[in-house]
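J.: no sequence for this one, just the structure:
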């Protein structure tokens, strides 16, 4: 399994609503993530809006993103979530900044 870490920036004015949306992720979205090879997926959010994501996948980050982009539910989820992020107003899966892993204690 490859470990993937990425960052995004959530608007400070949207932190509570962003968190609330993740309390009830659509079952179809959860199934799509699993089908696309996203395992042990976690999101962490700081008070200033830094979002850190982590997941494990058998393939690459790029392959996992491509697999999700082929899922119809992903387009709906991304459109709903786009207003929460700082930046160009695009979809989060187009703005994720991958962080290189430099150490792992198995």
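T.: Thanks, I have the structure now. In this text, all values refer to a predicted model and were calculated from it rather than measured experimentally.

J.: for the protein, what are the low-confidence residue spans?
T.: 88-89 (pLDDT under 70).

J.: mind checking the SS state of the closest residue to residue 22 other than its chain neighbours?
T.: Once flanking residues are discounted, residue 22 sits nearest to residue 43: 6.6 Å by Cβ to Cβ, 6 or more residues apart in numbering. In this view, the C-beta of every residue, glycine as well, is placed from N, C-alpha and C. For residue 43, the assignment made with DSSP: H, G, I helix; E, B strand; the rest coil gives strand.

J.: Count the neighbours of residue 43 for me.
T.: Residue 43: 15 surrounding residues under other Cβ atoms under 10 Å.

J.: any idea how far it is from residue 33?
T.: 12 Å (Cβ to Cβ, to the nearest Å).

J.: what's the answer for residue 9, then?
T.: From residue 9 across to residue 33, the span is 21 Å (Cβ to Cβ).

J.: more crowded one of the two?
T.: residue 33 (21 against 17).

J.: Mind listing the residues bridging to the residue sitting nearest the centre point of the chain?
T.: In the chain, the C-alpha nearest the mean C-alpha coordinate belongs to residue 53, at 5.9 Å (Cα atoms, centre = their mean). Per DSSP bridges, the residues bridged to residue 53 are residue 6, residue 43.

J.: Hmm, it is touching residue 9, no?
T.: No. The pair residue 53 / residue 9 is not scored as a contact, 12.0 Å apart, by Cβ atoms under 8 Å.

J.: returning to what we had before: wait, doesn't the residue nearest to residue 22 sit right on residue 23?
T.: No. Residue 43 is not in contact with residue 23 according to Cβ under 8 Å; the separation is 11.7 Å.
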